[in-house]
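Engineer: A structural model of the following input is requested.
(4 chains)
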There are 2 protein chains.
Amino acid sequence: MDRRQIKTRQAIFSAFVKLLETKRYEKITVQEILDEANIGRSTFYAHFETKDELLKAICKELFGHIIDSAIDKTHTHGLYSKGEAPQSVFCHLLQHLQENDNNILGLLSCESREIFLRYFKDSLNELIQTQFVNHSRRENQDLPQDFLVNHISGSFVEMVLWWLKGREKHTPEELDHYFRSVIEPIL
Amino acid sequence: MDRRQIKTRQAIFSAFVKLLETKRYEKITVQEILDEANIGRSTFYAHFETKDELLKAICKELFGHIIDSAIDKTHTHGLYSKGEAPQSVFCHLLQHLQENDNNILGLLSCESREIFLRYFKDSLNELIQTQFVNHSRRENQDLPQDFLVNHISGSFVEMVLWWLKGREKHTPEELDHYFRSVIEPIL
DNA sequence: TTTGATACAAAACAAGTTGTTCTGTATTTA
DNA sequence: TAAATACAGAACAACTTGTTTTGTATCAAA
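Structural biologist: As a prediction, this is how the structure comes out:
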């Protein structure tokens, strides 16, 4: 890939993430991105068809790593192992988030966070779903499985939201403990 | 209030809700609302300063009733009463939603549902918060109270989301049972 | 029923936005 | 070095937003 392309793509991403810190996604104009990234109009449209496409590309790129890393984790350690594992996938995810590569925490707490949180939750949902299918020795036969899966991924994302709203005063390990406390009793 | 104003306001609301069923909020133009509601441009701007203000007004109007009704419920029966009460506030809320006045379920499952879900959750959060403060004989001293409050309201909204995604195949009573199963063990 | 107020429709408007297309230049790869 | 291509800059039509103006229809109060 051409070095110029890489540089431009990165400039657009950085500009977009920076703008998102102070402005809602819908209110950001292409012109503002151009000014912030210092690129020409035609250049932008050579990279992305629309602003929406840029959004999708960012989601894929930023959450791709985190989710992939979590998938690897489940392949070796499973999802939770009901207290046995010293570290759950969820703790792993939180630690990964806290590293804040590419200011991913900024995206998850900006005004347009819903967009990214929903993307995050959908990825998480798939991960948990497959995990449940694999070794499902569930005791709670009362509840529909997809309800439970949704409850877990939904609660996790809501916890991240709560965490960020409180300016990250808690450690990933503490959060993992909180999450275990409200999830393990129902498994 | 002038009858003409009421009629116009209602026409705008209906048009807006109808458009939201097939189009994302951000993609809806004022012109489309005018055409659907059969009103003039100046008329719209006499009622609402911007499209965003219209959105706020709709949220207030539609969720106001439901939340107020839930608040009344808590005043007489409390939030959950740990299994004693035949009907929880949550069941009450779900039944209210199912009546689908003003197509509120349409709003909660349309492409722009995040907007309304977040508004719904914030209202719910306040309600649960006050309830916790009132008679807080919590046993789980391990968890921060606002984490628990957030977990409950968040999980509820996520359940509603799951419910609507599955085209409402479950009754409010069933959902209430599911919700008790995942919330009561941790209280 | 009349009268004064006002909600309304229609149209024109400036300012801003989007996505396209063109030309010429700079950079990269082979 | 040469051919390919990524880029800047500018101009463009089509659309959107919110304002303003003018004349008409409807309302509420006397």
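
Engineer: What parts of chain A come near chain B?
Structural biologist: A:26, A:114-115, A:118, A:140, A:142-144, A:146-148, A:150-151, A:154-155, A:158-159, A:161-162, A:166, A:178, A:181-182, A:185-186 (C-beta under 8 Å from any C-beta of the partner chain). Placement of C-beta: from N, CA and C, glycine included.

Engineer: can you list the domains in chain A?
Structural biologist: A:1-48, A:57-186 (automatic domain parsing).

Engineer: Could I get the average pLDDT for the shortest one?
Structural biologist: Domain A:1-48 comes out with an average pLDDT of 97.

Engineer: returning to what we had before: what's the PyMOL syntax to select whichever of the residues of chain A next to chain B are buried?
Structural biologist: Of the residues of chain A next to chain B, the buried ones go into a single PyMOL selection, burial set by 16 or more other C-beta atoms under 10 Å in any protein chain shown:
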select buried, chain A and resi 114+115+118+147+148+150+151+154+155+158+159+161+162+178+181+182+186
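
Engineer: What about residue A:35, how many residues nearby?
Structural biologist: Neighbourhood size, residue A:35 [other C-beta atoms under 10 Å in any protein chain shown]: 12.

Engineer: out of the domains of chain A, nearest to residue B:14?
Structural biologist: domain A:1-48 (23.5 Å; C-beta to C-beta).

Engineer: which ones are touching the spatially most central residue of chain A?
Structural biologist: The residue lying closest to the centre of chain A (C-alpha atoms, centre = their mean) is residue A:120, at 3.8 Å. Taking C-beta atoms under 8 Å, 6 or more residues apart in numbering or on different chains, we find residue A:120 in contact with A:63, A:108, A:157, A:160.

Engineer: out of those, which one sits closest to residue B:88?
Structural biologist: Nearest to residue B:88, judged by C-beta to C-beta, of these is residue A:157 at 23.8 Å.

Engineer: Once you drop chain neighbours, what's closest to that closest one?
Structural biologist: residue A:121 (4.4 Å; C-beta to C-beta, 6 or more residues apart in numbering or on different chains).

Engineer: quick check, distance from the longest helix anywhere in chain A to the centre of its chain.
Structural biologist: For chain A, the helix with the greatest residue count under DSSP state H is helix A:51-77. Relative to the centre of its chain, helix A:51-77 is centred 7 Å away, using C-alpha atoms, centre = their mean, to the nearest Å.

Engineer: on that earlier part again, and the domains of chain A, which one averages the lowest pLDDT?
Structural biologist: domain A:57-186 (a mean of 90).

Engineer: first vs last residue of that domain, how far apart are they?
Structural biologist: In terms of C-alpha to C-alpha, to the nearest Å, the two terminal residues of domain A:57-186 are separated by 37 Å.

Engineer: So it, near DNA strand D or not?
Structural biologist: No: judged by C-beta under 7 Å from any atom of the strand, domain A:57-186 makes no contact with DNA strand D; its nearest approach is 14.1 Å.

Engineer: re the thing from before, secondary structure element for the residue nearest to the centre of chain A, which one?
Structural biologist: helix A:113-134 (DSSP states H and E).

Engineer: Which other helices and strands does the helix or strand following that helix contact?
Structural biologist: Toward the C-terminal end, the helix or strand that comes next after helix A:113-134 (DSSP H and E) is helix A:145-165. For helix A:145-165, the helices and strands in contact under the criterion 3 or more C-beta pairs under 8 Å, 6 or more residues apart in numbering or on different chains; DSSP states H and E are helix A:89-99, helix A:104-109, helix A:113-134, helix A:172-183, helix B:145-165, helix B:172-183.
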